[in-house]
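[1] Turn this into a structure:
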Amino acid sequence: MARNGYTKVLIVDEQPIYSLGLASLLESCKKFSIAGITSGINDAMRIAEKEKPALVFLEIRLGNENGMELISKLKILNPQIIIVVLSANDEQFFSERVLRMGARGYIMKSSSADIILDAINTVMDGRIYLSENERDRIFQAITGENSSGKKDWIGSMQKLSNREIQVFNLIGKGYGTIEIASMFNISTKTIDSHKEHLKLKLHCTTSQELRQLAIEWTKINEK
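    Reported below is the predicted structural model:
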C-alpha cells in the first residue's frame, strides 16, 4: 500500500541490481512508494492493474521482449499514467519513437542520480524530459541541418516498426529464422516477410547484406 501523499511507482527492468538501486534512489526522496519491480510485460501489467501506479520506469530492452510494447498497454489501462524510459539503448535511436507512443521522457542508464532526479521532477511537473544533447539533435533534424553518419542510422531505424526492430536486433545477434519465429511464437513465413520489409526499408539487396548491417547496428547499439 502507498503511504498517504506518496506517488506509486512501478519499475520494469531485467537487471535486478539496477532496479533496486533506482528504487532506493526514489524512496530516498520521501515522495515515492514502490508498487512493484518486475522484468516482464505480463507481470508488469498484472502489477499495474492491481496497484495502479502513477509513474512507471521502463527499460525497453527486456530480454526477448520489447519493452516498447508495454507503453501502449499501460496507456490503454490508464491514459494518465506517466511513463519514463530509463534504458541502456541509445536515446538517439529510440527517444522520438517512445514519445510518440506515449512516454513522457527518455533517460540513459549512464546518467547520474542528479540527472535522473531532475528528469523525475520534470515529468511530474507535466513536461517532457530529454537530455540537452537529444533536444539539440531533434532540433537539428527539424531544421534540416547537415547530418552525421550516425544520424543516418537514426533516420533508417525510424522507418522500422517495433517488431521489425526486434527482428533486426536478433538477426544481428546471430539468430536464424526458425529461432526468431520460435521466440515470438509466429510462423517462419511471417519472419521471412519481416526480413523482406527490412531489406526494402534499409536498402539491402541480399539477406547477407541485411545480416551484416544488423551486426553493425547491434555493435553500435550495445556499446
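[2] where does the chain have low pLDDT?
    For the chain, the stretches with pLDDT under 70 are 1-4, 139-154, 222-223.
[3] Show me how it divides into domains.
    Annotated domains of the chain cover 7-138, 159-221 [automatic domain parsing].
[4] Quickly compare the ones you listed and say which is most buried.
    Mean neighbours per residue, mean count of other C-beta atoms under 10 Å, is largest over the domains of the chain for domain 7-138, with a mean of 18. Using the backbone N, CA and C atoms, a C-beta is placed for each residue, glycine as well.
[5] For it, measure first residue to last.
    End-to-end span of domain 7-138 (C-alpha to C-alpha, to the nearest Å): 31 Å.
[6] Distance from the chain centre to it, please.
    Relative to the chain's own centre, domain 7-138 is displaced by 9 Å; criterion: C-alpha atoms, centre = their mean, to the nearest Å.
[7] who touches stretch 193-202?
    156, 159-160, 163-164, 167-168, 171, 177, 204-207, 209-210, 213 (C-beta atoms under 8 Å, 6 or more residues apart in numbering).
[8] which stretches of the chain form helices?
    With DSSP state H, the ranges of helices along the chain come out as 16-27, 41-51, 68-77, 91-101, 113-124, 132-143, 149-157, 162-172, 177-184, 188-201, 207-221.
[9] what's stretch 170-182 in contact with?
    The contact list for stretch 170-182, computed with C-beta under 8 Å, 6+ apart, reads 167, 183, 187-188, 190-192, 195, 198, 210-211, 214-219.
[10] please redo it, this time with the cut-off set to 10 Å
    Stretch 170-182 is contacted from outside by 64, 166-167, 169, 183-184, 186-192, 194-195, 198, 207, 210-222, using C-beta atoms under 10 Å, 6 or more residues apart in numbering.
[11] For the residue most central in space within the chain, list the residues it contacts.
    Computing the C-alpha centroid of the chain and ranking residues by C-alpha atoms, centre = their mean puts Ile60 first, at 3.0 Å. Applying C-beta under 10 Å, 6+ apart to Ile60 gives the contacts 12-13, 66-71, 85-89, 94, 97-98, 103, 106, 162, 165.
[12] State the distance from the closest residue to it other than its chain neighbours to Ile11.
    Computed as C-beta to C-beta, 6 or more residues apart in numbering, the closest residue to Ile60 that is not its neighbour in sequence is Gly67, at 3.7 Å. Gly67 sits 12 Å away from Ile11, going by C-beta to C-beta, to the nearest Å.
[13] Name the residues contacting each of the two.
    Counting by C-beta under 10 Å, 6+ apart, the shared contacts of Gly67 and Ile11 are 39, 44, 58-59.
[14] So which of the residues you listed is the closest to Ser33?
    Taking C-beta to C-beta as the measure, Ser33 lies nearest Ala44 of these, at 16.8 Å.
[15] Tell me the spacing between the residue lying closest to that closest one once chain neighbours are set aside and Gln80.
    The shortest distance from Ala44 to any non-neighbouring residue, by C-beta to C-beta, 6+ apart, is to Val12 (4.7 Å). Computed as C-beta to C-beta, the Val12 to Gln80 distance reads 18 Å.
[16] circling back to that earlier point, can you pull the contacts of the residue nearest to Ala44?
    19, 36-41, 43-45, 47-48, 56-60, 62, 65, 67, 70, 74, 83, 85-86.
[17] give me that answer again for 8 Å
    By C-beta under 8 Å, 6+ apart, the residues touching Val12 are 37-41, 44, 56-59, 62, 67, 70.
[18] would CSV of those with distance to Arg135 be doable?
    Converted to CSV, those look like this (distance: C-beta to C-beta, whole Å):
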residue, distance to Arg135
Ile37, 30
Thr38, 31
Ser39, 30
Gly40, 32
Ile41, 29
Ala44, 29
Val56, 22
Phe57, 21
Leu58, 21
Glu59, 22
Leu62, 27
Gly67, 23
Leu70, 25
